[in-house]
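> quick one, structure for this:
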Amino acid sequence: MMIKLINMPFASVLKPSLGLGQIQAQLKADEIDVETLNFNVEFGRLIGFANYEFINLIRRYETQIGEWLFADAAWGEGFIENPDEVLDQVCSESLQLHRIADPKSWFMDIRERIVPQFMEYCIETLFQDGIPEIIGFSSLYFQNIASFALARRVREIAPQVKIVFGGPNFHGEMGIEYIEKLPFIDVVCLGEADDTALPLFRALLQNMPPVGLQGIMYRDEAGAIILSAPPQPVSSEVINSVPHPDFTDYFRQIAQGGLMDDAGWKKCCYIPFESSRGCWKGDRQHCAFCGLNHQGMGFRQKDSSKVMEILRHYCDKYPVRRFHATDNIIPQQYFSQLLNRLKNEPLPEDVRVFWEVRSTLKRDDLRAFAEAGITILQPGIESLSTSLLNAMRKGVSALKNVHFLKVCRNFGIHVIWNLMTGIPGEKKEDYDEMCRLIPMIVHLAPPFGGPRIIEMHKFSPYYFESVRDEKWAANVRAKAWYRTIYPEKLLDLDRIAYFFDADWKDVLPSDAYAELDRKISAWIDIWQKSPRLPVLNWRNADNGRIVIMDTRSLTRTGTWELDSLETSVYRAIDDPASPLGITRTIGLSDDQVSRVEAILHSFVSSGIAIREKNTYLGLALPEGIVEPDFHWRNGELRIRISDMYEIL
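Predicted structure coming up:
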């Protein structure tokens with residue numbers, strides 16, 4: 001093989017690399033000899049897939065044990081001076097390791113015995129068919145150190161091999177710092193490479209410098225670092241022109257690793273696809289915490305017919321039925337184009353498709369998803385406090401977020417969402433307000449991951465505005481764990497870091513979230529452990545009135561009937577509405593608005609409706625809505641360690 005593309009630990013074994021799949025497809029279409037080696041699968045086999053996935057999922061801990069395990073291999077024996085100190089801290093964190101009685105000894109064994117064994121396996125596999133001309137690494141989040149360890153070994157064994165790095169870990173100044181300081185790197189891609197990957201590899205195969213390629217930085221024969229051309233976002237035309245990603249090597253290696261017939265893997269595995277890039281919402285107003293799209297928010301999308309082709313291709317070619325869009329946000333045009341086509345030309349019934357969306361979607365938009373067979377969405381809810389949503393520049397209200405959850409439950413759409421705390425400008429009243437709201441919406445989907453302290457990410461407004469003038473935080477610095485896995489004397493940690501510590505301004509002490517934590521934990525427990533969910537339903541009585549059934553243990557539990565006017569008002573707040581709008585909708589004159597307001601007040605007092613400013617929303621669902629499957633509520637769409645079997 002002339003070109004080897006590498007996917008190193010700790011990339012998840014539950015999905016193939018979209019970036020490598022796209023590059024492989026382009027190279028194959030040009031009849032270039034290429035193979036993708038998913039070495040993450042072999043490492044998962046060596047340490048047990050369940051525990052491998054747990055390490056991969058670590059994001060919020062103050063150690064990054066996955067990267068740390070490879071640090072000596074990357075930087076030389078002895079780089080890790082005090083392994084006990086790091087491991088003691090790791091073991092003090094809330095580990096969920098599967099069948100590991102002594103985590104500290106287990107991690108030490110991986111570092112001292114399994115990592116060297118694994119590196120030998122990588123080298124032998126890379127060179128078993130001869131010396132490749134080019135080796136390309138894609139790195140996302142916590143793949144750098146294992147990738148550097150292998151690249152360093154390759155340079156020592158076969159210095160003539162050209163080594164290329166790309167992926168989000170190399171965007172912007174991060175990639176520049178790496179190629180300037182790490183002599184085993186020959187080329188880095190500083191941004192999007194859909195239009196440059198093929199000409200880059202062609203040039204390298206011909207021993208030519210990759211001149212004139214946007215976002216490509218390379219080392220010339222004299223060792224000078226040269227920027228071929230400044231990075232630029234690719235166009236919609238380019239995104240539409242690339243062939244479908246090729247994941248054949250991933251599935252072949254999954255089968256070799258013993259996972260193809262594993263029930264846990266089958267349950268959790270998904271295939272990524274891309275239908276757009278950028279964020280049309282962020283182009284108008286960038287969410288303050290978001291560090292995505294560092295080259296710009298400019299929104300570009302694939303034609304709906306192209307996306308339909310990809311989904312059909314996945315159905316026909318691969319043994320997996322979960323497809324996840326990597327988009328930041330679904331294109332608006334898809335509601336009238338792609339979703340309508342999926343409704344009329346449905347995918348196989350067992351296929352589940354996931355998209356990220358705005359929580360401002362209207363009822364008809366969500367109905368279009370349901371009718372298209374798309375029943376997994378991740379909205380950018382982030383909070384149930386309008387004040388905090390404004391502070392994060394979300395451009396949505398708490399009431400609208402609740403409406404989204406309600407309508408999704410109405411249409412049988414599974415919702416995966418996050419709730420943030422630690423937001424600059426927060427007040428105790430914001431969390432008190434949420435604590436009062438949560439008991440009223442326990443029949444709607446909770447944030448299954450629990451509350452999350454907001455993070456400082458490179459390329460986010462929080463980061464740029466804090467570095468520039470300390471608007472949100474002072475003393476922004478690379479998170480402490482970078483010092484345990486990167487040599488400070490060699491690399492500028494603030495340049496290579498994506499995750500930062502900071503002295504946040506105007507935030508509450510950590511104990512201020514205790515009551516919210518308890519409320520959300522109870523909410524999650526209800527959904528994950530109760531055979532039946534709490535009910536807040538309405539049904540039509542024979543006389544045309546509405547009967548309310550409520551089992552949420554609030555102010556008025558039981559069943560009761562609304563009178564005729566109350567029924568009309570309650571129907572009118574199935575979607576958000578104002579008192580005057582309701583009055584007109586139900587056919588009353590404007591001077592009757594006070595009667596409507598009194599009824600609305602009684603609904604809020606009874607906990608069957610909520611109010612924000614002059615807008616009201618009914619919380620009850622129509623009787624007959626299918627309850628989400630218990631197995632889904634208990635974790636089907638979220639990776640659980642118990643679902644991943646160890647295959648040794």
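
> does L516 touch P451 like I think?
Yes: applying Cβ atoms under 8 Å, one finds L516 in contact with P451, separated by 6.0 Å. Bear in mind the C-beta positions are built from the backbone N, C-alpha and C, glycine included.

> neighbours of the closest residue to S460 other than its chain neighbours, how many?
The shortest distance from S460 to any non-neighbouring residue, by Cβ to Cβ, 6 or more residues apart in numbering, is to G291 (4.0 Å). Look at G291: counted by other Cβ atoms under 10 Å, it has 21 neighbours.

> any common contacting residues for L516 and P451?
T421 (Cβ atoms under 8 Å, 6 or more residues apart in numbering).

> so what does the strand or helix carrying Q378 touch, helix or strand wise?
Element membership for Q378 (DSSP states H and E) is strand 376-379. Applying 3 or more Cβ pairs under 8 Å, 6 or more residues apart in numbering; DSSP states H and E, one finds that strand 376-379 contacts strand 352-357, helix 398-411, strand 414-415.

> show the subsequent helix or strand relative to that strand.
helix 386-391.

> quick revisit: verify the stated contact: the residue nearest to S460 with F499.
No: G291 is not in contact with F499 according to Cβ under 8 Å; the separation is 9.2 Å.

> common neighbours of those two, please.
457-458.

> which residues in the stretch 151-300 of the chain form helices?
173-181, 197-205, 236-241, 248-256, 263-268, 280-284 (DSSP state H, counting those that start in this stretch).

> reformat those as CSV; add mean neighbour count, mean pLDDT and distance to E382.
Listed next are the helices of the stretch 151-300 of the chain as CSV, based on neighbours: other Cβ atoms under 10 Å; pLDDT from 0 to 100; distance: least, Cβ to Cβ, whole Å:
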stretch, mean neighbour count, mean pLDDT, distance to E382
helix 173-181, 19, 98, 26
helix 197-205, 20, 98, 34
helix 236-241, 15, 96, 27
helix 248-256, 18, 96, 32
helix 263-268, 18, 84, 25
helix 280-284, 17, 84, 13
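
> could you dump these to JSON lines with distance to N340?
Formatted as JSON lines, those follow (distance: least, Cβ to Cβ, whole Å):
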{"stretch": "helix 173-181", "distance to N340": "41"}
{"stretch": "helix 197-205", "distance to N340": "34"}
{"stretch": "helix 236-241", "distance to N340": "20"}
{"stretch": "helix 248-256", "distance to N340": "31"}
{"stretch": "helix 263-268", "distance to N340": "31"}
{"stretch": "helix 280-284", "distance to N340": "20"}
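
> nearest to I610, out of the ones you listed?
I610 lies closest to helix 280-284 among the helices of the stretch 151-300 of the chain, at 24.4 Å (Cβ to Cβ).

> tell me the centre residue of this protein?
Centroid-nearest residue in the chain: T326, 8.2 Å away (criterion: Cα atoms, centre = their mean).

> so who does that residue touch?
18, 272-274.

> repeat the analysis, applying 6 Å as the threshold.
272, 274 (Cβ atoms under 6 Å, 6 or more residues apart in numbering).

> give me phi/psi at it?
Backbone torsions of T326, given as degrees, to the nearest 10, read phi -90, psi 0.

> ok, S228 next?
Dihedral angles (degrees, to the nearest 10) for S228: phi -60, psi -50.

> pLDDT value on the residue lying farthest from the centre of the chain, please?
Computed with Cα atoms, centre = their mean, the residue of the chain farthest from its C-alpha average is D591, at 49.9 Å. With respect to pLDDT, D591 has a value of 94.

> just M1 next, same as before
61.

> could you do S92 as well?
pLDDT, read off for S92, is 79.

> tally of neighbours for it?
S92 has 10 neighbours, counted by other Cβ under 10 Å.

> check L600 too.
23.

> count the neighbours of the residue lying closest to it once chain neighbours are set aside for me.
Spatial nearest neighbour of L600, chain neighbours left out: Y616 (5.1 Å); criterion: Cβ to Cβ, 6+ apart. Using other Cβ under 10 Å, the number of residues around Y616 comes to 27.

> would Y616 count as being in a helix?
No: assessed with DSSP: H, G, I helix; E, B strand; the rest coil, Y616 is strand; it does not lie in a helix.

> hmm, I599 and it touching each other?
No: with contact defined as Cβ atoms under 6 Å, Y616 does not reach I599; the gap is 9.9 Å.

> which parts of the longest helix anywhere in the chain are buried?
Identified as the longest helix of the chain according to DSSP state H is helix 514-529. Neighbour-count burial for helix 514-529 flags 516, 519-520, 523-524, 526-527 (criterion: 16 or more other Cβ atoms under 10 Å).

> now swap in stretch 335-350 and tell me
Buried-residue list, stretch 335-350, by 16+ other Cβ under 10 Å: 335, 337-339, 341-342, 347.

> could you check how far C279 is from F323?
21 Å (Cβ to Cβ, to the nearest Å).

> same question, A445
In terms of Cβ to Cβ, A445 sits 21 Å off from F323.

> what's the longest helix of the chain packed up against?
helix 428-437, strand 451-453 (3 or more Cβ pairs under 6 Å, 6 or more residues apart in numbering; DSSP states H and E).

> so how far is the last one from its chain's centroid?
Centre-to-centre, strand 451-453 and its host chain are 15 Å apart (Cα atoms, centre = their mean, to the nearest Å).

> thinking again about what came up before, is the residue farthest from the centre of the chain part of a helix or strand, or is it coil?
Secondary structure, three-state DSSP: D591 is helix.
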